[in-house]
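J.: return a 3D structure for these sequence lines:
(one chain, ligands or ions: 1)
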Amino acid sequence: MSEVEKFYNRFKEYSKIDTTSNEVFSDKPSNDNEFVLANLLKKQLEELGLIDLYINKFATVYGYLPGNDENNKDSIALIAHLDTSNQANGKDIKARLVKFDGSDILLSNNIYLSKLDYPVLRNKIGHNLIVSDGTTLLGGDDKAGITIIMELIEYLVNNKNVKHCPIEVIFTSDEEIGVGADHVDIDKIKSKFGYTIDGGDLRYIEAENFNGASMKVIINGRAIHPGYAKDKMINAINVGIKFHNSLPEFLRPEDTSNRQGFYHLSDINGNEEKTVMDYIIREHDINKLNYMIEIANLSKERINNMYKKDIISLDIKLAYKNMKPELDKHKEVVDKIEKAYQNLNISYEFEAIRGGTDGASLTYKGLPCPNIATGSYNYHSRFEFIDVDESICVINILKEIVTNK
Ligand SMILES: [Zn+2]
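T.: Modelled structure (predicted):
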């Protein structure tokens, strides 16, 4: 069986288990099927000879592959997540392998994956792609990451002459709903650093993410019969509109990219008496994020002054931080990825993630964790696909890293 078919068969097996995450629980994973996949992976790791295997109450899987290199004895953690996003259907996934010849791919009746809609496909002609049937997501995020790690481990176990460091395998649960890192028993991890295998395009190394804050705006107005409201009514909805309009108009997700931050109004609920608005604020630079928070506070103060009353209050919380300042203290962790790309002659650039990752949280828990690509594209979408040729490059990149080449 070719490497491509092997990868596809393994991925397909994992993709059949619907592990869509939905809701955070304090004592179990969001979807019981995360246990089904966790048990399958634990069994496979056991068969490969890994030790110290366990699954915790959140379905996080842990396994340890001892090293066989006297000169390379520090372990490295490799991390991927079990769950898939609830932004698209994750049930009855029918993964299919196609050799892409450049023409539109018919996913199922009248649903096509085309270069016109997804120009990135222009660079994929001749590649082996895994696609869904266009009615579900594919789950490459992050079962491609899991497949990559499993294929690497199998290779190392079957090629004892290849000298490598010890490896800690960690499959997290509920990453998509923001709690994957919380589910890791961090004090049991022996490695000084690790890598999440949860990126997309092979070209990008991700060692930077957004700083994220949430902002709840609570406006207490004063309702009165509209016919007799002059100088009496304070319409909380109108105050909310005033507040919203006071924020920089184009610092919004739909108007920004790359390293530009934004305010995103994600929910609004209200009437004359009370209005509540939920925002997220994102920026790679913490000083800029703090300045954006200052702007919101200034707006609040000016509006309160105008009404001579504290009608607006803001509840602002820091949700996660950019891992870059921490990773900068451990340059060797990112250097290893760069060196692997260079050894294999694969071109790369650094991309600043416009979101958070498990790795960012783990980094701040003391396990520096940049993010490596998986070769998956169109995450959280029915048009998700995996470029298997790229996924195999990632396996080779990890081989370079664990053999310290
Ligand atoms: Zn992911």
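
J.: nearest residue to His183 other than its sequence neighbours?
T.: Leaving aside its sequence neighbours, His183 sits nearest to Phe58 (CB to CB, 6 or more residues apart in numbering; 3.8 Å). In short, each C-beta sits where N, CA and C put it, glycine included.

J.: neighbours of the closest residue to the ion within the stretch 301-405 of the chain, how many?
T.: Of all residues in the stretch 301-405 of the chain, Tyr379 sits closest to the ion, at 6.9 Å by CB to the ion. Per other CB atoms under 10 Å, the neighbour tally for Tyr379 reads 21.

J.: what residues does the nearest residue to it once chain neighbours are set aside make contact with?
T.: Residue nearest to Tyr379 in three dimensions, not counting chain neighbours: Asp141, with 4.5 Å by CB to CB, 6+ apart. Residues near Asp141 by CB atoms under 8 Å, 6 or more residues apart in numbering: 84-85, 198, 200, 374, 376, 379-380, 384.

J.: and the stretch 301-405 of the chain, which residues reach the ion?
T.: By CB under 5 Å from the ion, no part of the stretch 301-405 of the chain sits against the ion.

J.: do the same with the chain
T.: 141-142, 198.

J.: who's in contact with the residue nearest to Pro226 when sequence neighbours are not counted?
T.: Using CB to CB, 6+ apart and skipping the chain neighbours, the partner closest in space to Pro226 is Met233 (7.2 Å). By CB under 8 Å, 6+ apart, the residues touching Met233 are 221-224, 226, 272.

J.: from these, which is closest to Ser214?
T.: Using CB to CB, Gly221 is the member of the contacts of Met233 that sits closest to Ser214, with 22.7 Å.

J.: so the closest one makes contact with Ile311?
T.: Yes. Look at Gly221 against Ile311 with CB atoms under 8 Å: they come within range, at 6.6 Å.

J.: which neighbours do these two share?
T.: Common neighbours of Gly221 and Ile311 (CB under 8 Å, 6+ apart) are 234, 236, 239.

J.: can I get those in TSV including pLDDT?
T.: Shown next, in TSV, are those (pLDDT from 0 to 100):
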residue	pLDDT
Ile234	97
Ala236	98
Val239	98
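
J.: buried subset of the residues you listed, written for PyMOL?
T.: Selecting the buried subset of these in PyMOL, with 16 or more other CB atoms under 10 Å as the burial test, is done by:
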select buried, resi 234+236+239
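
J.: how about stretch 341-358: buried residues?
T.: 341, 346, 348, 351-354, 356-358.

J.: fine, thanks again, bye for now.
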